[in-house]
Every structure is written in C-alpha cells, then in structure tokens.
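Colleague: give me a model of this one.
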Amino acid sequence: MTAETRIFRDSEADRTFRPAFSLSKLAIYALLIAWAVVCLFPIYWTVTTSFKAAPDVMQGNMIPYVDFEPQRLGWRALGLSPDTIGTVSTPREEFLRRFWNSTIISVSASLLAVILGSCAAYGLSRFSFRFGPMKNDDISFFFLSQLILPPVVLALPFLILYRELDLLDSRIGLILLYTLTVLPIVIWIMRDQFAAIPTELEEAAMVDGLGIWGAFLTIILPIALPGMVAAFILSLVLTWNEYFFAALLTSTHANTLPVMVASQTGSQGISWWSMAALSFAAILPLIVIGILLERFIIKGMAAGAVK
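Modeller: Down below sits the predicted model:
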C-alpha cells in the first residue's frame, strides 16, 4: 500500500467518524442544557414569584410581560424595592438583623469546623490510632455515621442542655451546634484530601528541620487549600440553610433567615411574593460565593479524585 493510498483511506475514515462524533457531542450538550434548566428553574420561579400579584401566583403564570405584568409587591413588603429603600422600614431592619445573624453563625461555624476537621483528618490520614476495637477507618466511619441520626432525636437533649447552660437564643449556641453538625462532613472530605498528598513531602520538610506542625502548616495546608475551601463552602451552605435547630433554640435575638422565610404566613394565608423575595435575597449570597470560589471547588473535587 502506497503512502498516498493510506492517506486517502485515513481521510475517508475521518469523514465517516466526524458525523457520529458531532451527534454524540450534540447529545451531551443537549443533556447538559436540560440539566441546567432543571437546576436553575427553582431560582427562576422564585425570582418571578417575587414580582407577581396574588392572582398570578394562583394561576401559575410564569413568563413576565407575557403571562403577567411584573410588580414589586414582594420587595415592597420587605422594604427592598427602589421606592421604599430610602424610607424607614421595620421589615427591612428585621431582614438585615436576621441576615447578619445568619452570616455570623454560618461563617463562624464553618471556619471552626474546617479548622478542627482538618486537624482531625490530618491525624487520621497520617497516624495510626486505636480506640478499643476501632482503628482509623472505623473512627472515620464513626464520625460520618453521626449524620444518620435524625435531628429531631437531639431536640429535647439540646433544649434541656442549652437551657441549663443559658445558651438559648444566642449566637454562640448555634455556632457550637452547627460546628458539631458539619464537622463529620469536613473530616471525611479532608481525610481524602490529605491522603492524596504524598508523605514524602513531609519527610523532606522534616529533614530540612521542620517539625510535624511546621510541615503541616507550611507544606500540607497550601496544597490542601482547595479542598478546605470546598469543605468550607459545603459547610456554609448547610449551616446557612439549617432551619430546625434555629427555630427550636432561638426566639428573638439569634433568629436566622430560614426562620424568617418560614414565618411569611398570616391569617390570610401564605404571602408567596414576600416569601419568594425573601428566599431569593437569602440565597443570593450563596450564589455569589459559589461563582467567586468556583475554581477552588473544582480543584478540591479534582484533588480528591486523583490518588
């Protein structure tokens, strides 16, 4: 077979392969677009509902300027519309107070969980422990198994404990509780992150004169930073959206946004437009954080997937 004949056959094979490849690529993009629509539709529905009147909500009108004329009832009820933003508004002040409570509690609990969880995960990935019949893998699974326990089982014990410790309706009480709830997830994520880092890096650092903590802080933590950011974001989302304990253990001073969202009911029924506006205002910070820290999330996922 001459070189010209081989080149001709290869070009013919490429022509027959390209249509099939294009169709498969088109199908993948179509599935991704469909999945994106499914994921983004709740946000779209929430935003459009905040601009609807009661008849539009009940009739299920979906497309602005086509099915209904947008109004600002939901945002005006919260004092966040352009015509009320410059005036005194009790709902807006309450929203800002709840927003500040959610920010302080969620960020503090997530940071504390990442710090404690990273230290625990590093120890489980580098050293051998034994607690009775339990070894490292058993201890790690024990931490993760705490998520199986339904929150309602802990309601009465925590209510009595917090009453005795005078932690009811306090930010510090929710911070400590939320730290405990997300700590198992952080330990599980960070254990995989540290296990993917070669131990030779620490050994080389110790040869250069660093101790265990020095190698951990200067060598290991910078490498595991994307995983820590991913764990922090996951913890932040879980603590920001937590409702059960926030409603149970707070009443006035430490109430969070999820409690305020659930309270948009009255004698006339549910104020859907106000609830939608409040819900979108509550999830907007998480959307912004996710967009800004997307590269860290991807790096954290990739680092945990490559061994």
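
Colleague: is Thr84 part of a helix or strand, or is it coil?
Modeller: Under DSSP: H, G, I helix; E, B strand; the rest coil, the three-state class of Thr84 is coil.

Colleague: helices of the stretch 1-150 of the chain, start to end?
Modeller: All helices of the stretch 1-150 of the chain, identified by DSSP state H, counting those that start in this stretch, fall at 3-49, 54-59, 73-77, 90-126, 136-145.

Colleague: ranking those by burial, who's on top?
Modeller: Between the helices of the stretch 1-150 of the chain, the one whose residues have the most neighbours on average, counting mean count of other CB atoms under 10 Å, is helix 73-77 (a mean of 23). The way it works is simple: take the backbone N, C-alpha and C, and place the C-beta from them, glycine included.

Colleague: and the helix or strand Leu174 falls within, what does it pack against?
Modeller: Assigning secondary structure by DSSP states H and E places Leu174 in helix 171-195. The elements that helix 171-195 packs onto, with contact taken as 3 or more CB pairs under 8 Å, 6 or more residues apart in numbering; DSSP states H and E, are helix 90-126, helix 136-145, helix 221-240, helix 244-249, helix 294-305.

Colleague: out of the ones you listed, nearest to Ile283?
Modeller: Across these, Ile283 has its closest neighbour in helix 221-240 (8.6 Å, CB to CB).

Colleague: from Ala205, how far off is Phe194?
Modeller: According to CB to CB, to the nearest Å, Phe194 and Ala205 sit 15 Å apart.

Colleague: I misspoke; the intended subject was Gly86.
Modeller: When distances are taken as CB to CB, Gly86 and Ala205 turn out to be 57 Å apart.

Colleague: again, but for Thr84
Modeller: Distance check for Thr84 against Ala205: by CB to CB, it reads 58 Å.

Colleague: ok, now Ala277?
Modeller: 52 Å.

Colleague: neighbour count winner among the two?
Modeller: Ala277 (27 against 18; other CB atoms under 10 Å).

Colleague: what's near enough to touch that one?
Modeller: Applying CB atoms under 8 Å, 6 or more residues apart in numbering, one finds that Ala277 lies in contact with 50, 74-75, 77-78, 80.

Colleague: okay, now Ile223: neighbour count?
Modeller: Neighbour count of Ile223, defined by other CB under 10 Å: 15.

Colleague: got the phi/psi numbers for the closest residue to it other than its chain neighbours?
Modeller: Spatially, and ignoring its direct neighbours in sequence, Ile223 is nearest to Ile197 (5.5 Å; CB to CB, 6 or more residues apart in numbering). Main-chain dihedrals, Ile197, degrees, to the nearest 10: phi -90, psi 130.
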